[in-house]
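# structure for this input, please:
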Amino acid sequence: MNEEKTGLLAERIFYNRDNYFCIAVFEAENEQFYAVGHLPYAEKGRRYTLWGRWKTHPKYGEQFAFTSYEEKEPDTEAGLVAFLSSGMLRGVGPVTARAIVKAFGPDTMDVLKFRPDRLTEVPGIGAVKAAAISESYQEQRELAETMIELREFDITSLTAMKLYQVYGSDAPALVRENPYRLIEDVFGIGFQKADRIARSMGVEADDPKRIRSGILYNLGQASNSGHTYVFRKAFCEKTGELLDVASGQVDDALYDLIVEGDVYADALEGADILYLDRYYRAEQRVAGKLLRLAQAELSHLSGNVENMIRRVELDRGMELTAKQKQAVIASLENGVCVITGGPGTGKTTIIDTIMYILAESGVQTALAAPTGRAAKRMSQLTGYDASTIHRLLEYYYSENEDHMRFGRTEENPLEFDCVIIDEMSMVDILLMEGLVNAVPPGTRLILVGDADQLQSVGAGNVLKDILESDTVHSVRLTEIFRQAQESLIVVNAHLINRGEYPSYNEQGKDFFFLERSREGDILETIKDLCTRRLPNYYEDCDALSDIQVLTPMRKGLLGSTSLNRELQAILNPPEYGKSEKTLGERIFRTGDKVMQNKNDYRITWRSIKDLSEGEGVFNGDIGIVQSVDNDAGRIGVLFEEERLVQYEFSQLDELETAFAMTVHKSQGSEFPVVIMPMTRFPPMLATRNLLYTAVTRAKQAVILVGLWNACRAMVDNDVIAERQSGLGVRLRRLWDLTDEMA
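Numbering: from 1, shown residues only. Now for the predicted structure:
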């Protein structure tokens, strides 16, 4: 049961200005006590009523842990000055606060509330500043009133502030209407938290609104794990356990969701399955459009393809293999063609050849990849301009629909005769839907990727499903070119993919294994490699731009979180004049290597090269912190050495340091040198295709540090978490139906 305490904030021991977490000493009428909780603009002299419970802290002893609060208006001169100068009123520091209190005395609060125009009577305050003070006071008052209203739902101060940032003063009404909407609307609120709020409002366990929300939440969790559908019976049982209701009640509630169109029920190979509607529509759309593209009549090229290939070979001074020629011909003669193969098998040479032939024939061609890093690498390797798929499709954010949309659609298609997509293993089903919608029949669509790499972060298994459906032309490249055979990185990648152990530490080669038995020694070796050994060994090796530490996991001493903390301390340590911002346990410092960790379609960027502007930074984009402006509350990050983005401090949950990153986050990238710890990772992470993906990220050198047995175990572990995706089956069904009708 919550208790109530009222007192004056006498001393602030700790305060985090980002999330308002505070440890303070309060003075009540007959006692002094420690209090801990989230308290905006906490300053000495301000008076609060707190609601919470007593707990014992090992350092501070007994303290009052409050989850909600209400501020009492100050009634003394010192209290008024403390209130005004706490930081909540723009442009008001201690000097201005004292001047205001001197001018109005006990009427100060009435002036702020009802006659803010009178602030211009204070020396140094003009009309503009008075308006800013009034506006910020009204915002603070609105926040305080909103938080008081939200307190009845047993919502903590921190959660209340998040709700206010999203909904404003409408937060209480919207929570009353449907607390489960918070799951989708408010970042950081999951089903359990929304459900706790709902139950505090008296929502029963079997309330249809609660069951409906639980269903949509669990379907969303499945898509976050990469699945486009779930098996109906198992899903109802799992959701029933989450909600503590019978699975039959879940199944009954599904009926309304299916009728309303939020969920789609289907049968796939004899099993009853469920989709979130957008994933069902995406699979259907991709399957139908791919087959229409594959069967459409193509524009004729200006000459014989084989003659044009010979001309490319003469001009480039090279000779394609029979398999490469087959891939080029299949790409040019079919509406849709998939080219897949591992490193060193000549995929880039094939793209270059196709581009040369199409340019000679006057065919307008677009090159694109899922990420900015992959697109940039494609441009560097082929010499042709490439963009991200999002930019190619002219993405924009629709405020009305609160969703990302593409400017290029079936109604406004791409104006190219050929579209080539690289790194197809990274493309999920929703992005693929956007792509095929924008490609008109008669356009050649060429999909290039390595089917053995990790699956896309988003839902679906697009490349693998297309290949396994055997419905569109595909060419698998297996031969490693002679020059690629000189690289142990390439050779070992293929060995690992076949389940064989890699070779290492050969004289003059590029694949190394440094055996260390203890995790602490592995960590120290990685740090030494980054700071001393590699910069000394490789000429012009820069630790930030040329070396990337990869790891399978986030947690633990050798997880990305710990590695980032350790590497930041030695690669970009604090220095006099180097600005930084602390956010909880994280520090962002000028010069840091950082990575975007979620798609943000609305954030703006400016090109430092041509001063053009645009919107959108995507999950996995890597940049360097250029500036930390604590006064303005912003951090400037330069992505791809061109796009400058200004992040408000409130947006920093979208960024993380990237001196180390997980292997999943590295997809689509190449780095000169890759370092990876080898320890006893969880079996679900220590897999063959994860190691294969990590190794194929390196151009110049791979260095594995740790236990050789751990490396062997990863090669032996060929278990791949199977994704539930129906694109392959749908392609096969449509193909068979087309055959029957032919």
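
# could I get the full set of strands for the stretch 201-350 of the chain?
229-231, 263-268, 271-276, 336-341 (DSSP state E, counting those that start in this stretch).

# quick one, which of the ones you listed is nearest to Ala132?
Ala132 lies closest, by CB to CB, to one member of the strands of the stretch 201-350 of the chain: strand 271-276, at 45.0 Å. Backbone N, C-alpha and C define where each C-beta goes, glycine included.

# other residues contacting the closest one?
By CB atoms under 8 Å, 6 or more residues apart in numbering, the residues outside strand 271-276 that reach it are 216, 219-220, 223, 228-233, 235, 254, 262-267, 283, 724, 726.

# go through that strand and flag the buried ones.
Ile273, Leu274, Tyr275, Leu276 (16 or more other CB atoms under 10 Å).

# of all the residues you listed, which two lie farthest apart?
Ile273 and Leu276, at 11.6 Å, using CB to CB across those.

# so which helix or strand takes in Tyr167?
Using DSSP states H and E, Tyr167 sits in helix 157-167.

# what packs against that helix?
strand 32-38, strand 61-72, helix 127-150, helix 171-177, helix 182-185 (3 or more CB pairs under 8 Å, 6 or more residues apart in numbering; DSSP states H and E).

# let me have these in TSV, extended by mean neighbour count.
Formatted as TSV, those follow (neighbours: other CB atoms under 10 Å):
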stretch	mean neighbour count
strand 32-38	19
strand 61-72	18
helix 127-150	17
helix 171-177	17
helix 182-185	19
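
# which one of these lies nearest to Ser627?
Short answer: helix 127-150, nearest of the helices and strands packed on helix 157-167 by CB to CB, at 24.3 Å.

# tell me which residue is most central in this structure.
Closest residue to the average C-alpha location of the chain: Lys598 at 2.2 Å, with CA atoms, centre = their mean.

# lowest-confidence helix or strand of the protein?
Within the chain, no helix or strand scores below helix 482-485, which has a mean of 63 by mean pLDDT, DSSP states H and E.

# which SSE is immediately downstream of it?
As the chain continues past helix 482-485, the following element, by DSSP H and E, is helix 488-497.

# now that next one: mean pLDDT?
On average, the pLDDT along helix 488-497 is 92.

# next, Ile189: secondary structure please.
Secondary structure for Ile189, judged by DSSP: H, G, I helix; E, B strand; the rest coil, is coil.

# ok, for it, nearest residue in space, not its chain neighbours?
Distance criterion CB to CB, 6 or more residues apart in numbering; nearest residue to Ile189, sequence neighbours excluded, is Leu182 at 4.6 Å.

# of the buried residues of strand 271-276, which is the nearest to Tyr538?
Leu276 (47.9 Å).

# which pLDDT value does the model give that closest one?
For Leu276, the model assigns a pLDDT of 93.

# adjust the sequence numbering to begin at 15 for everything that follows.
Will do, 15 is the new start, and the previous item becomes Leu290.

# so how far is Asp542 from it?
Going from Leu290 to Asp542 by CB to CB, to the nearest Å gives 48 Å.

# excluding chain neighbours, what is closest to Glu514?
Val729 (7.1 Å).

# now Gln562
Phe685 (3.9 Å).

# list phi and psi for that neighbour.
Dihedral angles phi and psi of Phe685 (degrees, to the nearest 10) take the values phi -130, psi 140.

# with Ile480 instead?
phi -60, psi -50.

# next: the one 3 residues further on.
According to degrees, to the nearest 10, the main-chain angles of Ser483 amount to phi -70, psi -30.

# what does Phe35 give?
Per degrees, to the nearest 10, the backbone of Phe35 is at phi -70, psi 130.

# kindly report the same for Phe97.
phi -60, psi -50.

# quick check: it touching Ala56?
No: using CB atoms under 8 Å, Phe97 is not in contact with Ala56, being 11.3 Å away.

# rewinding a little: quick one, which of the helices and strands packed on helix 171-181 gets closest to Val441.
helix 196-199 (24.2 Å).

# roughly how far apart are Arg744 and Leu305?
If you go by CB to CB, the gap between Arg744 and Leu305 works out to 10 Å.

# which one's more surrounded, those two?
Taking neighbours as other CB atoms under 10 Å, Arg744 and Leu305 compare with Arg744 leading, 24 against 21.

# the more buried one against Ala301, yeah?
Yes: the pair Arg744 and Ala301 qualifies as a contact (CB under 8 Å) at a distance of 3.9 Å.

# so which elements touch the one helix or strand Phe602 maps to?
In this assignment (DSSP H and E), Phe602 forms part of strand 600-603. On a contact count with 3+ CB pairs under 8 Å, 6+ apart, strand 600-603 meets strand 594-597, strand 636-643, strand 669-671.

# what's the closest of those strands to Lys143?
Here strand 636-643 is closest among the helices and strands packed on strand 600-603 (CB to CB), at 21.2 Å.

# pairing partners for the helix or strand following that closest one, with directions?
With elements assigned by DSSP H and E, the helix or strand that comes after strand 636-643 is strand 648-653. Using DSSP bridges, the strands paired with strand 648-653 are strand 636-643 (antiparallel), strand 657-662 (antiparallel).

# can you redo these as CSV with distance to Asp399, mean pLDDT and mean neighbour count?
Converted to CSV, the strands paired with strand 648-653 look like this (distance: least, CB to CB, whole Å; pLDDT from 0 to 100; neighbours: other CB atoms under 10 Å):
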stretch, distance to Asp399, mean pLDDT, mean neighbour count
strand 636-643, 21, 92, 19
strand 657-662, 16, 90, 19
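
# quick one: closest of those strands to Glu149.
Across these, closest to Glu149 is strand 657-662 (CB to CB), at 17.7 Å.

# pull the closest one out as PDB, backbone CA atoms only.
Written as PDB, here are the backbone C-alpha positions of strand 657-662 (Å, rounded to 0.1, in the frame of the first residue of the first chain):
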ATOM      1  CA  ARG A 657      24.700  13.400 -43.800                       C
ATOM      2  CA  LEU A 658      24.700  15.500 -40.600                       C
ATOM      3  CA  VAL A 659      21.800  14.700 -38.200                       C
ATOM      4  CA  GLN A 660      21.100  16.700 -35.100                       C
ATOM      5  CA  TYR A 661      19.600  14.600 -32.300                       C
ATOM      6  CA  GLU A 662      17.800  16.100 -29.300                       C
END
